[in-house]
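Asks: got a structure for you, letters missing:
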């Protein structure tokens, strides 16, 4: 019998994740991450130009 792989740490603070807030450890870290998305600190790569006229 093999052990499951260890859970990845919280992407914000590095603490072990809490199953109720996965993949984060707390509501605070989850909110910080959401704020980073809203501030456009994170972005998905675009496959089309941002300016359609160019």
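Replies: Received the coordinates, thanks. Note that the structure is a prediction, hence the values are computed from the model and not measured. Numbering: from 1, shown residues only.
Asks: Any regions of the chain where pLDDT drops low?
Replies: Scanning the chain for pLDDT under 70 picks out 1, 49-54.
Asks: all strands for it, in order.
Replies: Counting by DSSP state E, one finds no strands in the chain.
Asks: show me where it has helices.
Replies: Along the chain, the segments classed as helices by DSSP state H run 27-38.
Asks: Now residue 21. Nearest residue, chain neighbours left out?
Replies: Nearest residue to residue 21, sequence neighbours excluded (CB to CB, 6 or more residues apart in numbering): residue 30, at 5.4 Å. To be clear about C-beta, it is placed using only N, CA and C from the backbone, and glycine gets the same treatment.
Asks: right, and the one you found touches residue 18 too?
Replies: No: at 9.6 Å, residue 30 and residue 18 do not qualify as touching, with contact defined as CB atoms under 8 Å.
Asks: and for those two, which residues touch both?
Replies: Common contacts of residue 30 and residue 18 (CB atoms under 8 Å, 6 or more residues apart in numbering): residue 24.
Asks: which residues touch stretch 29-45?
Replies: For stretch 29-45, contacts defined as CB under 8 Å, 6+ apart pick out 10, 11, 12, 13, 15, 21, 24.
Asks: Span of it from start to end?
Replies: 24 Å (CA to CA, to the nearest Å).
Asks: For it, buried residues please.
Replies: Within stretch 29-45, the residues that count as buried by 16 or more other CB atoms under 10 Å are 29, 30, 33.
Asks: so who does the nearest residue to the first one once chain neighbours are set aside touch?
Replies: It refers to residue 29. Once flanking residues are discounted, residue 29 sits nearest to residue 12: 3.9 Å by CB to CB, 6+ apart. By CB under 8 Å, 6+ apart, residue 12 lies in contact with 24, 25, 29, 32, 33.
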